[in-house]
Every structure is written in structure tokens, then in C-alpha cells.
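[1] let's see this in three dimensions:
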Amino acid sequence: MDVHDYDKQIQASFRKMKDVFSKRNYDTMVDYDKSMIRIPLSKALRNKHLQALYQLTKKVKKDWKDVLRDNIDNLTVWIMET
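    Next up, the predicted model:
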């Protein structure tokens, strides 16, 4: 039995992403999760990454494949200030 039930938390993250993100960003997150599984990363670390990316994606307000250096610089400043 998993005390933290990371499977459930990861599924919940993907449900939120599907509701909020563009299809392109959602597909990017699915691909990223698959790459984390192949490495392999623990479910706890996958969950942490997915939750962080959810917040960053909401903040950047565009598809990750369209993000420019200026967007990353602004995200970096936001992270450092919070």
C-alpha cells in the first residue's frame, strides 16, 4: 500500500492539466511524464515535477514549444521572488 498514493495524485494532476492546458501543452506533459518513467524517476519525483510544471505553465500562459528566452527570464524572476 502506498501511503501517499502517488498514482492517484499523478492522475489528478493530469485531469487538471487536461481541463486547463491546450492540447499541445497537455501532450507535452504526457510526453515528459513518459520520459520520466523511462529514466526511471520515482512516482514521488514525477508527481513533484508535474505539479511544478502545472504552476509554471499557468504562469507562462503559452505553449511550451512557443516559449522564448524572455518568457524563461520572466519565469526565473517570478520563481526567485516567491
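[2] what does the helix or strand encompassing residue 7 contact?
    Using DSSP states H and E, residue 7 maps to helix 6-20. The contact list for helix 6-20 (Cβ atoms under 8 Å, 6 or more residues apart in numbering) reads 25-26, 29-30, 33, 43-44, 46-47, 50-51, 54, 57-58. All C-beta atoms are positioned from the backbone trio N, CA, C, and that covers glycine.
[3] filter those residues down to the buried ones.
    Buried members of the contacts of helix 6-20, counted by 16 or more other Cβ atoms under 10 Å: 25-26, 29, 33, 43, 46-47, 50, 54, 57.
[4] in a markdown table: these, plus pLDDT and secondary structure.
    As requested, those are exported to a markdown table (pLDDT from 0 to 100; DSSP: H, G, I helix; E, B strand; the rest coil):
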| residue | pLDDT | secondary structure |
| --- | --- | --- |
| 25 | 97 | helix |
| 26 | 98 | helix |
| 29 | 97 | helix |
| 33 | 98 | helix |
| 43 | 96 | helix |
| 46 | 98 | helix |
| 47 | 98 | helix |
| 50 | 98 | helix |
| 54 | 97 | helix |
| 57 | 96 | helix |
